[in-house]
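Enquirer: The following comprises the amino acid sequence and a computationally predicted model.
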Amino acid sequence: MDKVQVLPMTQAKAKPVRRNQRPWSERIIEGLIKAGGMSGIIFVVGILIFILRESAGFLFGKFDFMEFFASGNWVPASVEKIEYGTLALLAGTMSVTIVSMVIAVPVGLACAFYISEFCPPRLRETYKILIEFLAAIPSVVWGFIAIVIINPLLIDVFQIPSGLNIMNAAIILALMSLPLIVSIGEDALRAVPESYREAAEAMGATKWEIATRVLLPAAKNGLMAAALLGVGRALGETMAVLMATGHSIRFPTSVFDPVRTLTATIAAELGEAPKGGDHYQSLFAIGLYLFILSFVINILADRLVRGKRLK
Amino acid sequence: MMRFAILAVLLVVASCSRSGNHVVIQNKGSDTLVNLAQAWAEEYKVINANVGIAVSGGGSGTGIAALINGTVDIANSSRAIHEKEKVDAEKNNNGKVTEHIVGLDALAVFVHPANPITELTLEEIGCIYGKSGKCETWGDVRPGTVVPGCQDNKIIRVSRQSNSGTYEYFREAVLGGEQDFKQGSMDLNGSREGVDMVGKTPCAIGYTGMGYVSKEVKSLCVAKDKSTTCALPNMENALSKAYPISRELFMYTVGTPKPEVQAFLDWIKTDAAKTITKNSGFVPVQ
């Protein structure tokens, strides 16, 4: 038996020497895979260059550092004084993202724990499919749900004048990022070696004790990554947020205030801003701002997850 | 690759020349008019396949500048041409400028049906929407007004995104062109959305092109000032100019227009074109 196995191995080793005689289909496939791998980098750099080019006129012209980052007045069509301040828009983005994560992270992680540890195995696949189905719903449909269902519901329940506000957008975003948090969280829990569970059970631990004292610490990094990916999803979402937030520039004082986010501003104004004008370029500057924000969040997430792992 | 490109170019050229004497009318200007002009152009293509109309926006000023430079056949404008522009256009192109009124743009101001207010003056609307306006609650607008179903009696201002033509015209008509809107309004993306929003929100006030108003909201009777009687936004009041927030929409040509251009301008005055005008939210003129 051993000898039979050795023979194909030496053949396989001999093959790469005659490199140019490999079947052409293999080389094409290898090239395609390489191109696929490279394309990710090319696209990201390409997009960055494109955004930089489109916003360059503004960044080296009307751009005022203090105004852009520290002013809450976004009035690109002013007849008094044109201002491009993004602070109120950032407050909108952040408030919606934070509230949605306050809802989505506990629910999503609880869901991941349930599917991975407590759910009867027969139901597990059904649950997973159902939850992942949430990810297949287009964001315009979510926006529609926000306006038609959640809007009147919030008005009735909380006795507020309008149901298009931070809370509405946060609920929608929470539902949208749930599938991501659940499936990544579930993967992290599944990745904990079975021997951990067996050892804990042998020590007489209950299921609850296993989940909170063994699995939670063991899968902490993966669960954190799940939450941060949820944040990224919420930060970048545009269409549903545009429809659900009420689209009003202001610093919110309650979760029932309407706000406007950075992404929604681009979506709402880009279509009608004359190409190449200050307003058009300033919207690309917001795009660049968002690009940098999500880049920083990704790096932080990476550091956090990796840093914890080293310890 | 190169051969393919040449082939493609040849195909395009061939397909153009096959349709005989194909004429393209250049049409540029007002962003308010751009959707309507586009709708006209599409319908006109069905009627007269030999004439294509290239519509682009950029603003009334852009359109008139192009007319002066002689690069467009028709300039769209939501304001009357200035005297200086007219002189320049006539001097550069050796011909007279002709003005065609193609429709009226009347903006309805509307509230929730539960709101007891039925009429407002331009000054009161300015107090609600203007940056220096002090009206924050419905009681500030008309002392003693309480809107049923509206928490705190606070006004929710529904507006439009800042580069919509409706936004600009409303600002000009109500705030006089030198004042900004108060920040913190809900800036919705379409005319329809604003109407839906106000229809569901007792506290709200909104504005939109007359054609978009539905039964879910109540249009207000608008008066120029306290001494004049108010007028409701409808076709007659827009035509007689009794309604204060309405303006004419123009198309300008210079010199004697090409026969195809003249045919298109004549067609705009037909009932078929007027239906499109109405559907786009504007008032057709007789």
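Expert: Cool, got the structure.

Enquirer: Burial check on B:G211, number of neighbours?
Expert: As a burial measure, B:G211 scores 17 neighbours (other CB atoms under 10 Å in any protein chain shown). Backbone N, C-alpha and C define where each C-beta goes, glycine included.

Enquirer: you'd agree it is up against B:T275?
Expert: No: with contact defined as CB atoms under 8 Å, B:G211 does not reach B:T275; the gap is 11.4 Å.

Enquirer: Doesn't B:R157 belong to a strand?
Expert: Yes: under DSSP: H, G, I helix; E, B strand; the rest coil, B:R157 sits within a strand.

Enquirer: That one contacts B:S185, doesn't it?
Expert: Yes: using CB under 8 Å, B:R157 is in contact with B:S185, at 3.8 Å.

Enquirer: what sits in contact with each of those two?
Expert: Common neighbours of B:R157 and B:S185, counting by CB atoms under 8 Å, 6 or more residues apart in numbering or on different chains, are B:Y129.

Enquirer: How about the residues of chain A by chain B?
Expert: Taking CB under 8 Å from any CB of the partner chain as the criterion, chain A approaches chain B at residues A:72-80, A:88, A:147, A:151-152, A:155, A:159-162, A:164, A:242, A:246-250, A:258, A:260, A:268-269, A:272-274, A:279.

Enquirer: For B:V23, see how far away B:A80 is.
Expert: B:A80 sits 28 Å away from B:V23, going by CB to CB, to the nearest Å.

Enquirer: B:G126 too?
Expert: B:G126 is 47 Å from B:V23, where distance means CB to CB.

Enquirer: ok, those two, which is more surrounded?
Expert: B:G126 (20 against 17).

Enquirer: Just the buried residues of the host helix or strand of that one, please?
Expert: For B:G126, the element it lies in under DSSP states H and E is helix B:122-129. Buried residues in helix B:122-129, counted by 16 or more other CB atoms under 10 Å in any protein chain shown: B:122, B:124-129.

Enquirer: cool, stretch B:237-248 as well?
Expert: B:237-239, B:242-248.

Enquirer: from the buried residues of helix B:122-129, which is closest to B:K218?
Expert: Set against B:K218, the nearest of the buried residues of helix B:122-129 by CB to CB is B:I125 (14.6 Å).

Enquirer: Show me where the stretch 1-150 of chain A has its helices.
Expert: Secondary structure of the stretch 1-150 of chain A (DSSP state H, counting those that start in this stretch): helices at A:2-14, A:24-59, A:65-70, A:87-113, A:121-133, A:139-145.

Enquirer: where does the stretch 101-250 of chain B dip in pLDDT?
Expert: Applying pLDDT under 70 to the stretch 101-250 of chain B flags the ranges B:163-165.

Enquirer: residues from it in reach of chain A?
Expert: Within reach of chain A by CB under 8 Å from any CB, the stretch 101-250 of chain B has these residues: B:131, B:150-152, B:154, B:156, B:161-164, B:167-168, B:171, B:177-180, B:183-189, B:196-197, B:200-204.

Enquirer: Restrict the residues you listed to the buried ones and give me that as a ChimeraX selection.
Expert: Selection of buried members from those for ChimeraX, criterion 16+ other CB under 10 Å:
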select /B:150,156,161,162,163,164,167,168,171,179,180,183,184,185,186,187,188,189,196,197,200,201,202,203,204
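
Enquirer: quick revisit: restricting to C-alpha, output the helix holding B:G126 in PDB.
Expert: Listed next in PDB are the C-alpha coordinates belonging to helix B:122-129 (Å, rounded to 0.1, in the frame of the first residue of the first chain):
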ATOM      1  CA  LEU B 122     -46.600  84.700   1.900                       C
ATOM      2  CA  GLU B 123     -45.200  86.400   5.000                       C
ATOM      3  CA  GLU B 124     -46.600  83.700   7.300                       C
ATOM      4  CA  ILE B 125     -45.200  81.000   5.100                       C
ATOM      5  CA  GLY B 126     -41.800  82.800   5.200                       C
ATOM      6  CA  CYS B 127     -42.000  82.900   9.000                       C
ATOM      7  CA  ILE B 128     -42.400  79.100   8.900                       C
ATOM      8  CA  TYR B 129     -39.700  78.300   6.300                       C
END
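
Enquirer: by contact count, what packs against that helix?
Expert: Contact partners of helix B:122-129 among helices and strands, from 3 or more CB pairs under 8 Å, 6 or more residues apart in numbering or on different chains; DSSP states H and E: helix B:138-141, strand B:156-160, helix B:165-175, strand B:221-223.

Enquirer: which of those is buried the deepest?
Expert: Comparing the helices and strands packed on helix B:122-129 by mean neighbour count (mean count of other CB atoms under 10 Å in any protein chain shown), strand B:156-160 ranks first with a mean of 25.

Enquirer: That strand versus helix B:122-129: what angle between them?
Expert: 100 degrees (axes from the mean of the first three to the mean of the last three CA atoms, to 10 degrees).

Enquirer: Would you pull up how far whichever strand or helix holds A:G222 lies from the middle of the chain?
Expert: Applying DSSP H and E as the criterion places A:G222 in helix A:220-236. Taking CA atoms, centre = their mean, to the nearest Å, the mean C-alpha location of helix A:220-236 is offset from the chain mean by 7 Å.

Enquirer: which stretch of helix or strand covers the spatially most central residue of chain B?
Expert: Nearest residue to the geometric centre of chain B (CA atoms, centre = their mean): B:T32, 3.6 Å. Assigned by DSSP H and E, B:T32 falls within helix B:31-47.

Enquirer: Now do that helix: which elements does it pack against?
Expert: On a contact count with 3+ CB pairs under 8 Å, 6+ apart, helix B:31-47 meets strand B:51-58, strand B:74-77, strand B:97-111, helix B:165-175, strand B:246-254, helix B:259-268, helix B:271-279.

Enquirer: which residues of the stretch 201-311 of chain A score low on pLDDT?
Expert: A:272, A:274, A:307-311.

Enquirer: Show me the helices in it, by range?
Expert: Per DSSP H, counting those that start in this stretch, the stretch 201-311 of chain A carries helices over the ranges A:207-209, A:216-218, A:220-236, A:239-244, A:262-270, A:278-310.

Enquirer: what would the ones you listed look like in TSV with distance to A:M176?
Expert: As requested, the helices of the stretch 201-311 of chain A are exported to TSV (distance: least, CB to CB, whole Å):
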stretch	distance to A:M176
helix A:207-209	30
helix A:216-218	25
helix A:220-236	7
helix A:239-244	7
helix A:262-270	13
helix A:278-310	16
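
Enquirer: Out of those, which is closest to A:P138?
Expert: Nearest to A:P138 among the helices of the stretch 201-311 of chain A is helix A:239-244; the distance by CB to CB comes to 8.2 Å.

Enquirer: what's the closest one in contact with?
Expert: Identification of contacts with helix A:239-244 by CB under 8 Å, 6+ apart yields A:96, A:139-140, A:142-144, A:146-147, A:150, A:164, A:168-169, A:172-173, A:176, A:261, A:263-264, A:267-268, B:189.

Enquirer: Repeat the analysis, applying 7 Å as the threshold.
Expert: For helix A:239-244, contacts defined as CB atoms under 7 Å, 6 or more residues apart in numbering or on different chains pick out A:96, A:139-140, A:142-143, A:146-147, A:164, A:168-169, A:172-173, A:176, A:261, A:263-264, A:267-268.

Enquirer: do stretch B:199-212 as well
Expert: By CB under 7 Å, 6+ apart, the surrounding residues in contact with stretch B:199-212 are A:161-162, B:105-112, B:114-115, B:128, B:147-150, B:154-158, B:166, B:170, B:191-192, B:194-195, B:197-198, B:216-217, B:233, B:278, B:280-283.

Enquirer: Show me just the buried residues among the residues you listed.
Expert: Among those, those classed as buried by 16+ other CB under 10 Å are A:161-162, B:105-112, B:115, B:128, B:147, B:150, B:155-158, B:166, B:170, B:191, B:194-195, B:197-198, B:217, B:233, B:280-283.

Enquirer: Appreciated, that's everything.
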